[in-house]
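Asker: need a structure here:
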Amino acid sequence: MTTRTASPEAGAAAVRSPRRGRPLWLLLVLAVLLVLMFLSVSVGSRDVQWADIVAAFGGSAEGFDEAAVAKRIPRTLLAVLVGAALGVSGAVMQGVTRNPLADPGILGVNMGASLAVVIGMAHLGLATATGFIWAGIVGAAVTALFVHVIGSLGRGGASPLKLALAGAATSAALSSFISAVVLPRNDIADGVRSWQIGGVGGGTFASISHVLPFLVVGFVVCLLSARGLNLLALGDDLAAGLGERVAISRVTASVGSVVLCGASTAVTGPIGFVGLVIPHVCRLLVGVDHRWLLPFSALTGAALLTAADVVGRVVARPGQIDVGIVTALVGAPFFIYIVRRQKVRSL
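Answerer: A predicted model of the protein is given here:
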């Protein structure tokens, strides 16, 4: 039996090929995102013409079609921002934990943010968008820490399988707590149930203005953590030997990821699987360098969530299907594929 070894030239070509294709993929993803944003503004329960779109961008909302476009513009912008946030958050979580199954939804972080927001609404008197966002960030942070501690117990530390199981169990428990909080409160029950599905239909310029500063901070922290994430991928010992402060790098990147996840969940509700699917797709396109992976995850995540919103409006005319349902239909089979293909090995 003969064994075949790859030549050094072949290995070098495999490393270089993603680099050569990065500018092309960047232009392609940007073009797709722009097309999807146009479709999001023009397509829905009622299709509108180009003239109505131009008039709506000019500030006119007199006609029915122009008013429809005026409502779709902030909805589209919110889908872009939240999709980008969830894509980057998932990429950072996978980099920090070296876990191919890491995702804000799978690890229960989304549900922790949801529980904090619901408790704030029901018992703490929160009534402002900023208050909901802070509650979501705190809930996401506490849940992320809890899941990591639980997944680290026992022999072998925090393996991908243990973290996924801890996240699933925590998410189920937190979902029950949300129901327990909401059931006695008929005054908020309908709104919470609708919000828990996860959607961007309620997007307004006001909600965007409230969440945008938090998302900007989260994006900046995550992008500044890209070099540290590259070193963490080599292993803690080697990263420390190269001069990286492993604990600080891991905590800093985690903070950025939690801010993105918590703020997004507070505005749109829990939207799952975007943070799982997008980083894996982007690694195939641009490689594992987080300096490229994070920006591409932002653009591709924005494109995915915008496309999910368009599909949800088209397939259920004149009604709509929230993006949380559409992303679940796409992400659940992908999750099964990753489990079978990766055999839940670490990244």
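
Asker: Pro318 in helix, strand or coil?
Answerer: The three-state label given to Pro318 by DSSP: H, G, I helix; E, B strand; the rest coil is coil.

Asker: Near Thr76, how many other residues are there?
Answerer: Close neighbours of Thr76, defined as other Cβ atoms under 10 Å, add up to 23. For the C-beta atoms, the positions are set from N, CA and C on the backbone; glycine is no exception.

Asker: where does this structure have low pLDDT?
Answerer: Filtered on pLDDT under 70, the chain yields the residue ranges 1-20, 45-47, 49-68, 156, 339, 341-347.

Asker: Run through the helices of it in chain order.
Answerer: 8-42, 50-57, 64-97, 109-123, 129-152, 160-182, 186-197, 205-224, 226-232, 236-241, 246-268, 274-286, 290-314, 323-342 (DSSP state H).

Asker: Minimum distance to Asp103: which of the ones you listed has it?
Answerer: Minimum separation from Asp103 across the helices of the chain (Cβ to Cβ) falls at helix 274-286, 3.6 Å.

Asker: So what touches that closest one?
Answerer: 18, 21-22, 25, 83, 86-87, 89-91, 93-94, 100-106, 261, 292-293, 296-297, 300-301, 304-305, 327, 330-331, 334-335, 338 (Cβ atoms under 8 Å, 6 or more residues apart in numbering).

Asker: Distance-wise, check Gly262 relative to Leu115.
Answerer: Noted for Gly262: a distance of 11 Å to Leu115, by Cβ to Cβ, to the nearest Å.

Asker: neighbour-wise, which of these two wins?
Answerer: Gly262 (34 against 25).

Asker: Contact partners for the more buried one?
Answerer: 109, 113, 133, 136-141.

Asker: Find residues that contact each of Gly262 and Leu115.
Answerer: With Cβ under 8 Å, 6+ apart as the test, Gly262 and Leu115 both reach Gly139.

Asker: what residue is smack in the middle of this structure?
Answerer: With distances taken as Cα atoms, centre = their mean, Leu86 lies nearest the centre of the chain, 1.4 Å away.

Asker: What subset of the contacts of helix 274-286 is buried?
Answerer: 18, 22, 25, 83, 86-87, 89-91, 93-94, 100-106, 261, 292-293, 296-297, 300-301, 304-305, 327, 330-331, 335, 338 (16 or more other Cβ atoms under 10 Å).

Asker: Nearest residue to Val267 in space, ignoring adjacent ones along the chain?
Answerer: Among residues not flanking Val267 along the chain, Val211 sits closest, at 4.9 Å (Cβ to Cβ, 6 or more residues apart in numbering).

Asker: Count the residues that sit near the one you found.
Answerer: By other Cβ under 10 Å, 25 other residues sit near Val211.

Asker: Quick check, it in contact with Ala129.
Answerer: Yes - at 7.3 Å, Val211 and Ala129 qualify as touching, with contact defined as Cβ atoms under 8 Å.

Asker: Identify the contacts common to the two.
Answerer: 266-267.

Asker: Ala308: neighbour count?
Answerer: Number of residues near Ala308 (other Cβ under 10 Å) recorded here: 30.

Asker: What's the separation between it and Leu329?
Answerer: Distance from Ala308 to Leu329, counting by Cβ to Cβ: 9 Å.

Asker: now Val286
Answerer: With the distance defined as Cβ to Cβ, Val286 ends up 26 Å from Leu329.

Asker: Compare neighbour counts for the two and give me the winner.
Answerer: A direct count of neighbours by other Cβ under 10 Å for Val286 and Leu329 places Val286 higher, at 22 against 12.

Asker: Quick check: closest non-adjacent residue to Val41.
Answerer: Arg72 (4.9 Å).

Asker: For the one you found, give me its contacts.
Answerer: Contacts of Arg72 (Cβ under 8 Å, 6+ apart): 40-41, 44.

Asker: can you put those in CSV and add neighbour count?
Answerer: Below are the contacts of Arg72 laid out as CSV (neighbours: other Cβ atoms under 10 Å):
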residue, neighbour count
Ser40, 23
Val41, 23
Gly44, 22
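
Asker: ok so, going back, correct me if wrong: the residue nearest to the centre of the chain contacts Met93.
Answerer: No - contact between Leu86 and Met93 fails when scored by Cβ under 8 Å: they sit 10.4 Å apart.

Asker: can you list residues touching both of these two?
Answerer: By Cβ under 8 Å, 6+ apart, Leu86 and Met93 have these common neighbours: 104, 275.

Asker: re the thing from before, and the residue nearest to Val41, how far is that from Val277?
Answerer: Distance, Arg72 to Val277, by Cβ to Cβ: 25 Å.

Asker: Look up the closest residue to Gly87, ignoring the ones flanking it.
Answerer: Excluding the flanking residues, the one nearest Gly87 by Cβ to Cβ, 6+ apart is Gly301, at 2.2 Å.

Asker: so who does the one you found touch?
Answerer: Per Cβ under 8 Å, 6+ apart, neighbours of Gly301: 83-88, 90, 274-275, 278.

Asker: burial measure for the spatially closest residue to Gly203 that is not a sequence neighbour, as a count.
Answerer: Nearest non-adjacent residue to Gly203, counting by Cβ to Cβ, 6+ apart: Leu78, 3.4 Å away. A count of neighbours around Leu78, defined by other Cβ under 10 Å, yields 27.

Asker: separation between Leu78 and Ala102?
Answerer: Leu78 is 24 Å from Ala102, by Cβ to Cβ.
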